[in-house]
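Colleague: quick one, structure for this:
(one chain, ligands or ions: 1)
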Amino acid sequence: MKKGIKRWKVFFLSLVVSIGMMGMAAFAADANKNTGKKHASIEWSGHSCFTITNEKGTKVVTDPFPDGIGYKVPELYADIATVSHDHFDHNNLAAIKSNFTAVRERGQFNVDGIKIKGTKTYHDTELGALRGENTVYTYDIDGVNVCHLGDLGHELTKDQLKSIGKVDILIIPVGGLYTIDPEVAAKVVNQLDPKVVIPMHYQTEVLSPDFGTLSKVDSFVEQMKGWKVVKEDTFSFNQSEIKASKDKQLVILNYNK
Ligand SMILES: [Zn+2]
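Modeller: The predicted model follows:
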């Protein structure tokens, strides 16, 4: 009989402890929400290749590059991969190790719960006569509009701006030579009016000189007066934080592969 009571006491005690822990876990989850726990993220693999991961862990990879441009070809895992244009330094889908859906067309798509829109633009200032067409992709990442400009070669027209729509986070080429240069990039930033800008396709220590010499990111930073410059390995964000943010942030992602 005594033994029975003891067991019951142990059971009751562990029940109290479990309920208490559940309560604490719920409280912790709430606290995270209130302090703006970061959910989605953007990482840079070099050049125009980024991995954008939403809250659920669904991954979008942009413009994967091949061996030979200087950056190490990363081990990429994607659910979705987009290609802005069919040049060798942007379309190496073979670098992706997982099963994925490739998106390289214009129009609106809903893949794995992510809304994607492709807008037609050009790789030069002459309607594609020099380097062909380019697709600007926008992704709805948990209510935050992320836009990757590919190898954009010109300022945007009214129709293109309308098609692209509202942009919260803008990933923009700034190196010139093959794309818009730092000055034009700053103008395109003004056109799209995002809260966060992430530069790409610029000269680094790693990008091969055989590729041609692009402008360094510093030249773009100089154009961006009034923007708060931050350097990060991974840019993490969520909708409430982006909405609440008063700062205009220029996020330079580190290449440390
Ligand atoms: Zn390129």
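Colleague: show me what counts as buried in the helix or strand where residue 221 lies.
Modeller: Element membership of residue 221 [criterion: DSSP states H and E] is helix 217-223. The neighbour-count check on helix 217-223 (16 or more other Cβ atoms under 10 Å) flags 217, 219-221, 223 as buried. From N, CA and C alone the C-beta is placed, and that goes for glycine too.
Colleague: kindly report the same for stretch 94-106.
Modeller: Quick answer for stretch 94-106 (16+ other Cβ under 10 Å): 95-96, 100, 103-104, 106.
Colleague: next: stretch 61-78.
Modeller: 61-65, 69-71, 73-74, 76, 78.
Colleague: again, but for stretch 123-134
Modeller: Quick answer for stretch 123-134 (16+ other Cβ under 10 Å): 123-124, 128, 131, 133-134.
Colleague: okay, helices next: where are they in the stretch 101-250 of the chain?
Modeller: Taking DSSP state H, counting those that start in this stretch, the helices of the stretch 101-250 of the chain run over residues 158-164, 182-192, 217-223, 239-244.
Colleague: could you export the ones you listed as a markdown table, including mean pLDDT?
Modeller: As requested, those are exported to a markdown table (pLDDT from 0 to 100):
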| stretch | mean pLDDT |
| --- | --- |
| helix 158-164 | 98 |
| helix 182-192 | 98 |
| helix 217-223 | 98 |
| helix 239-244 | 94 |
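Colleague: got JSON lines for the ones you listed, with distance to residue 139 too?
Modeller: As requested, the helices of the stretch 101-250 of the chain are exported to JSON lines (distance: least, Cβ to Cβ, whole Å):
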{"stretch": "helix 158-164", "distance to residue 139": "12"}
{"stretch": "helix 182-192", "distance to residue 139": "14"}
{"stretch": "helix 217-223", "distance to residue 139": "22"}
{"stretch": "helix 239-244", "distance to residue 139": "13"}
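Colleague: okay if I get the ones you listed as JSON lines plus distance to the ion?
Modeller: What follows is the helices of the stretch 101-250 of the chain, written out as JSON lines (distance: least, Cβ to the ion, whole Å):
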{"stretch": "helix 158-164", "distance to the ion": "19"}
{"stretch": "helix 182-192", "distance to the ion": "14"}
{"stretch": "helix 217-223", "distance to the ion": "16"}
{"stretch": "helix 239-244", "distance to the ion": "28"}
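Colleague: picking that back up, and the buried residues of stretch 61-78, which two are the farthest apart?
Modeller: 70 and 78 (22.1 Å; Cβ to Cβ).
Colleague: which residues does residue 72 contact?
Modeller: 46, 257 (Cβ atoms under 8 Å, 6 or more residues apart in numbering).
Colleague: same check, this time on the one 3 residues further on
Modeller: For residue 75, the contacting residues are residue 97, taking Cβ under 8 Å, 6+ apart as the criterion.
Colleague: how close does it get to the ion?
Modeller: 22 Å (Cβ to the ion, to the nearest Å).
Colleague: what distance do you get for that residue to residue 61?
Modeller: From residue 75 over to residue 61 the distance is 11 Å, taken as Cβ to Cβ, to the nearest Å.
Colleague: equivalent analysis for residue 237, please.
Modeller: Residue 237 is 18 Å from residue 61, by Cβ to Cβ.
Colleague: now swap in residue 74 and tell me
Modeller: For residue 74, the distance to residue 61 - Cβ to Cβ - is 9 Å.
Colleague: overlap in contacts, the two.
Modeller: residue 49.
Colleague: how about the buried residues of stretch 123-134 in a markdown table, adding pLDDT and distance to the ion?
Modeller: As requested, the buried residues of stretch 123-134 are exported to a markdown table (pLDDT from 0 to 100; distance: Cβ to the ion, whole Å):
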| residue | pLDDT | distance to the ion |
| --- | --- | --- |
| 123 | 96 | 8 |
| 124 | 96 | 12 |
| 128 | 95 | 14 |
| 131 | 95 | 9 |
| 133 | 97 | 13 |
| 134 | 98 | 9 |
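Colleague: much appreciated, bye for now.
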